[in-house]
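> fold the stuff below for me.
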Amino acid sequence: MLSKDLIYAFRSLRKSPVFAITAVVTIALGIGTSTAIFSVTNTVLLHPIPYKAADSLVLACSDLRQRNVKDFPLSDADFLDLRNGAKSTFEDFAAVNTGRGPVPQADGTPEQVRVAGVSTNFFRLMGARIAFGRDFEDADGLPQPPVPQAGVAPAGPPPPQLPVFAILSHGYFKRRFGGNPSAIGQALPVPGGPSPIVVGVLSPGFELLFPPEANMEQFPDIWFAARITYDTANRNNVQWRVIGRMKPGVTMERAQSEADTITEQLRRANLVARTADQYIRLEPMKQHLVSEVRPAILALMGGVIFLLLIACANVANLMLVRSSMRERELALRTALGASWWRLVRQTLAEALVISALGMAMGLALAQFGIDALLQIAPENVPRLNTIHIDPAVLAFSTLAALVAAALFGVVPALSSACPDIMRILRASGRTAGLAGGMLRNGVVVLEVALCFVLLIGSGLMFRSFLAIQRVDVGFDPHNLLTFQVLGNVGDKPFTRQAFMRQFHERLAALTGVRTAAASFPMPLAGGFNPIRWGTIEALTDQSKFQAADLQIVLPGYFEAMHTPLIAGRTFTEADNTPDRNMLIVDQALASKAFPFQSAVGKRILFRVRTPEAQWGEIVGVVAHQRDVSLATSGREQLYVTDGYMNHGAAGWWALRTTGDPAGYAGRVRDEIRSMGAQLLVSDVQPMDALVVKAQAGTRFSLLLIGIFAAVAAVLAAVGLYGVLSTVVRQRTAEIGVRMALGAPPSSVFRLVVGFGLRLSITGIAIGLLAALELTSVLKSMLVGVKPTDPVTFGAMSVLFFLIAALASWIPARRAASLDPVEALREE
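The predicted structure follows:
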C-alpha cells in the first residue's frame, strides 16, 4: 500500500515540476546545512578522542588563583608529587612537552622537526602502539647523575652522562629513513646536545590533542624520554602538560578531592605556591580540548536547526497552497468514497518523496559545505582533518529528513483530509477572506520569527567583527614581516651576543628594510607565559605578587613595531647586558602598580631568571599590546632586554619594510643560511596574517550565521510572497467587486501590503522575544557588544520590515493593476 502511495505521489509531483523543484531545493538547503554542521558537532563534540579508554583521561593544570592565571604547566617536582600522591584514584600520570628545532638531514642540511619530551610511561598511558622496536622503559628516564658544583673539587672523575633515547613518529621514520627498520639503534645528530638513540617507531596516526593556547605540537616527529628529577628548588620552572588516567569507578569529584589534598601539601611546603594560591585543577581531557569551541559549535548547530525549521515551514506553506488549489479534486474524491486516512496518506507520501529527494541533494550540499568549512575554520577547532560524513552523520541526515517530512507534511495532510464537501463543490474555490488561510498565515509568522532570531545573531556577530577590527593592537601590523630563527646560535653569551648583533645589522641593511627587531615571544604568535611582579608590599606579603606576560626584546623593538611610547624612554644598547635590571612596562601595569603617578624611575619586584624576585627599575611605559587575543585585552606586560637573559633568547624577528613584506622571505632565508649551517627560519609570515588569524574565530561564526540568516530571510520572504500571491489569486473576484464599487487601486495596494506587514510585524514581535532569551548563548563569542544590544535589535527589525515590504510589493502591485471587468468575468 505504501509503495502505491509513493508511486502516486511521485507521479503527482511530476505533473507540478515548479512546485516539486522548489520544495526539494528548499528542503535540501535545510538538510544540507544541518548535516554539514552536525558533521562538525559529531567529530568535535561527540566522538571520543583517539586514545585508549579516553573517557578516563584527565588533564592536570596548575591555576594560580591569586594572580588570575589558569591552565599553567607543572614543574618536575609538582608532576612527581601528583603522580606519587594520587595512587588511590589514578592508575598513573604522564607528562609531555613539545617544541621545534633543526635536525641535520642525511646530506647535512638542517630540517625543522617537531620534538616532544615525555615521561617514559606516556605511550602506555595513552594506548599508543609501537610499530618497530620497543617502547620507553622506566630506566630510560632515570635522572642524570649530579654535576659537580662550580668551585667544589670533585672527589673523583665525573660520572658518565646517561644516554638519551628517542622514538620516531611513523611519518618521520618514512621520511628520514625510508621506512628501513635499521633505523632502530641509530643515533640522531642533534645540535647542541647529546645524540639520542632511536629505540622505536610509533604506529601511524598518533597525535597530541591540546587547545591552541597550550602551544603544543600536534604531530611531533621525535619523542625523547625525559629524565625528570625531583627538584624542589626549581618549582618555578614549569614545563609539563600532565595527563592522568583515573581508575575504573572513580568519579571526577573524588579525583579532584585527592588532588586538592596534594595541592594543600604543596602550599604548606612551598612559599610561592602558598602565596599564589596554587591549585591543581583536574578536567576531563576531551572537555578541556573542546571548551573554547563548544559554545560556537552549539550556536551554529542551533542556527541550522532554525534554518531547517524555516525550510519546513516554507514547504508546508507551499503544500498548503497546493492543497487549496486541489480542494475541488479532494472534495470530489471524498464524495466518491475516499477515506480521510487515504487522503492523509497521499499527502504524507508526497512529503516523504520531497524529503527523500531533498536528503539526496542535501548530502551533496553537505559534502560541499564540509569542504568549504575546512577551508575557513579557525585553527582552534580540534580534529578538523577528520571531519567527514560517517554513518552517524548519515543517520542524522535520515532522521532530519523524516522529521522534516513530518513537520511540513502533517498540517497540509490534516487540512486536506477534512474538506467541506458541499461548500467546495458549490463554490469556485475563492471563498476564504483576505484575512483567512489561518494555517498559511501562522506558518508565515513562524518563519518570520525564526528568521528574525537568526538575523539578530548575525547582526551581533557582525558588530563583534567590527569591534575586533577596530581594536588597537598596540603596534602597527602593516608592512611587518615576522619569522622565527631555530637552532643553537652559540654556546657562550658573547657568541650569542655577536650573532644577534651581526644578524640584526645584516637584516637592517637589506634594501627596502626600514628597521629590524627581535623578541620572544612575538605578539599574536603564541608562547606567552606569565611571570610574577609586585611592589614593595610584596616583600612582606607575597600574596601581593601579580602576574604579567613577559617579553624579551632587543633594543629598537618598540621603534620597529611602532608601539607608542607613553612615558620615559625605550631600551638602549647600554641596557642590553645581564647586569642591568632595566624594565619597560605597559600602561596597564604602570597604572596598576602606581595609580595616578608616573611609573618612570620607580622600582618593582619581578622574577624572571632567579629563584626569587629581584628589583628592577622602570625606564619606560609603552602602550598595551594585544599579545594573545584580539577579543580580550589580556594580562599586563613587562619587557626585559635580550642581554638581561644572557643573549640569544629573542628568537622571533620582525622586519619593517617599505613594500610587501612577504617578498622579503627569500632574502631572510639567504641571510640565515650564510650565518650558520644548522640554523633555520620558520613561521615566516606578515604580521597582518597573524592579525587575520586572530580574527578567524569571529569571522568564521559571522560568515556561517550570516549565510544562515540570509538564506532564512530569502525563504521567509518567499513564504510571505507565496501567501500573498495565493490570497490575491483566490480573491480576484472580491478585489474586482471592490474596484467596481469605486475602491481606488492605491487602497487595494495598501490592503495587500498592510496584510503582509501585519504578518511580518507579528513574527518580528515573537522573534524579538525569542531572541532576547536565545542570544545569551552567543555571549562568549561576542566582542564589544552585549547579547541584548538595542542597536542590533533595532537595525534587524528595520531590515526585516523592509524585506517584508518588498515581498508584499509584487503581489500588491498585481492586485492593484487588476481590471475589474476581467476579474468579475473570471469569477
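> give the contact list for residue 761.
Counting by Cβ atoms under 8 Å, 6 or more residues apart in numbering, residue 761 touches residue 801. The C-beta positions use only the backbone N, C-alpha and C, and glycine is treated the same way.
> look at it and give its secondary structure.
helix (DSSP: H, G, I helix; E, B strand; the rest coil).
> any idea how far it lies from residue 802?
Distance of residue 761 to residue 802, given as Cβ to Cβ, to the nearest Å: 13 Å.
> so, low pLDDT: which residues of the stretch 51-200 of the chain?
146-159, 191-192 (pLDDT under 70).
> residue ranges for the helices of it, please.
Per DSSP state H, counting those that start in this stretch, the stretch 51-200 of the chain carries helices over the ranges 76-85, 122-126, 170-177.
> residues of the first one that come out buried?
Using 16 or more other Cβ atoms under 10 Å as the burial criterion, the residues of helix 76-85 that qualify are 76-83, 85.
> quick one on the thing from earlier: relative to residue 402, which of the helices of the stretch 51-200 of the chain is closest?
Ranking those by proximity to residue 402 (Cβ to Cβ) places helix 122-126 first, at 39.8 Å.
> for that closest one, name the packing helices and strands.
The contact analysis (3 or more Cβ pairs under 8 Å, 6 or more residues apart in numbering; DSSP states H and E) places helix 122-126 against strand 90-104, strand 238-246.
> from residue 546, how far out is residue 699?
Between residue 699 and residue 546 the distance is 33 Å, computed by Cβ to Cβ.
> looking at those two, which is more packed in?
The neighbour count for residue 699 versus residue 546, taken as other Cβ atoms under 10 Å, is higher for residue 546 (22 against 19).
> in the stretch 251-400 of the chain, which spans are helices?
Going by DSSP H, counting those that start in this stretch, the stretch 251-400 of the chain shows helices at 252-269, 271-275, 285-290, 294-325, 327-335, 340-376, 391-417.
> just those helices: most buried one?
Comparing those by mean neighbour count (mean count of other Cβ atoms under 10 Å), helix 294-325 comes out on top with a mean of 23.
> and that helix, what does it pack onto?
For helix 294-325, the packing partners by 3+ Cβ pairs under 8 Å, 6+ apart come out as helix 17-41, helix 340-376, helix 391-417, helix 438-469, helix 696-730.
> wait, which of those helices is closest to residue 60?
helix 696-730 (26.7 Å).
> now that closest one: buried residues?
For helix 696-730, by 16+ other Cβ under 10 Å, it's 697-709, 711-730.
> over to stretch 658-676?
661, 664-665, 667-668, 671-672, 676.
> break the protein down into its domains, please.
55-147+158-290, 439-470+697-827, 488-677 (automatic domain parsing).
> may I see the buried residues of stretch 560-570?
560-563, 566, 568, 570.
> what's the answer for stretch 481-495, then?
Within stretch 481-495, the residues that count as buried by 16+ other Cβ under 10 Å are 481-490.
> how about stretch 539-555?
So, applying 16+ other Cβ under 10 Å, buried residues of stretch 539-555: 542, 544-555.
> out of the residues you listed, who's nearest residue 651?
Nearest member of the buried residues of stretch 539-555 to residue 651, counting by Cβ to Cβ, is residue 552, at 9.0 Å.
> nearest to residue 268 among the helices and strands packed on helix 294-325 would be which one?
helix 696-730 (41.1 Å).
> quick one, the helix or strand that that closest one is followed by and helix 696-730 angle?
Next helix or strand after helix 696-730 toward the C-terminus (DSSP states H and E): helix 732-740. Angle, helix 732-740 to helix 696-730, by axes from the mean of the first three to the mean of the last three Cα atoms, to 10 degrees: 70 degrees.
> buried ones in helix 732-740, by neighbour count?
732-736, 738-739.
> before we move on, back to that, most widely separated two among the buried residues of helix 76-85?
76 and 85 (14.7 Å).
> returning to what we had before: using CSV, lay out the buried residues of stretch 658-676 together with pLDDT, distance to residue 644 and secondary structure.
CSV is the format used below for the buried residues of stretch 658-676 (pLDDT from 0 to 100; distance: Cβ to Cβ, whole Å; DSSP: H, G, I helix; E, B strand; the rest coil):
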residue, pLDDT, distance to residue 644, secondary structure
661, 93, 29, helix
664, 92, 29, helix
665, 92, 30, helix
667, 92, 30, helix
668, 92, 26, helix
671, 90, 26, helix
672, 88, 24, helix
676, 70, 24, coil
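> re earlier: closest one to residue 48 among the helices and strands packed on helix 122-126?
If you check each of these against residue 48 by Cβ to Cβ, strand 238-246 wins as the nearest, at 14.0 Å.
> residues in contact with residue 379?
212, 693, 696.
> and the residues you listed as JSON lines, adding distance to residue 818?
Shown next, in JSON lines, are the contacts of residue 379 (distance: Cβ to Cβ, whole Å):
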{"residue": "212", "distance to residue 818": "63"}
{"residue": "693", "distance to residue 818": "58"}
{"residue": "696", "distance to residue 818": "54"}
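> of those, which is the nearest to residue 55?
Closest to residue 55, out of all of the contacts of residue 379 and judged by Cβ to Cβ, is residue 212, at 23.3 Å.
> distance check, the closest residue to the closest one other than its chain neighbours against residue 290.
Distances taken as Cβ to Cβ, 6 or more residues apart in numbering place residue 380 nearest to residue 212, at 4.8 Å, with adjacent residues excluded. Distance of residue 380 to residue 290, computed by Cβ to Cβ: 10 Å.
> swap in residue 732?
Residue 732 is 57 Å from residue 290, by Cβ to Cβ.
> again, but for residue 349
42 Å.
> just residue 664 next, same as before
38 Å.
> then residue 252?
For residue 252, the distance to residue 290 - Cβ to Cβ - is 16 Å.
> what's the answer for residue 617, then?
On the measure of Cβ to Cβ, residue 617 and residue 290 end up 45 Å apart.
> same question for residue 667.
Counting by Cβ to Cβ, the gap from residue 667 to residue 290 is 42 Å.
> not counting its neighbours along the chain, what's nearest residue 813?
Per Cβ to Cβ, 6+ apart, closest to residue 813 is residue 749, 6.8 Å.
> over to residue 446?
Excluding the flanking residues, the one nearest residue 446 by Cβ to Cβ, 6+ apart is residue 313, at 5.3 Å.
> contacts only, for that neighbour.
So residue 313 contacts 407-408, 443-444, 446-447, 450, 719 (Cβ under 8 Å, 6+ apart).
> and stretch 212-230, average pLDDT?
For stretch 212-230, mean pLDDT is 91.
> for it, which residues meet the burial criterion?
Quick answer for stretch 212-230 (16+ other Cβ under 10 Å): 214-217, 220-228.
> save the residues you listed as JSON lines, and put in secondary structure and distance to residue 34 too.
Formatted as JSON lines, these follow (DSSP: H, G, I helix; E, B strand; the rest coil; distance: Cβ to Cβ, whole Å):
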{"residue": "214", "secondary structure": "helix", "distance to residue 34": "32"}
{"residue": "215", "secondary structure": "coil", "distance to residue 34": "35"}
{"residue": "216", "secondary structure": "coil", "distance to residue 34": "33"}
{"residue": "217", "secondary structure": "coil", "distance to residue 34": "34"}
{"residue": "220", "secondary structure": "coil", "distance to residue 34": "37"}
{"residue": "221", "secondary structure": "coil", "distance to residue 34": "39"}
{"residue": "222", "secondary structure": "strand", "distance to residue 34": "43"}
{"residue": "223", "secondary structure": "strand", "distance to residue 34": "41"}
{"residue": "224", "secondary structure": "strand", "distance to residue 34": "46"}
{"residue": "225", "secondary structure": "strand", "distance to residue 34": "47"}
{"residue": "226", "secondary structure": "coil", "distance to residue 34": "46"}
{"residue": "227", "secondary structure": "coil", "distance to residue 34": "52"}
{"residue": "228", "secondary structure": "coil", "distance to residue 34": "48"}
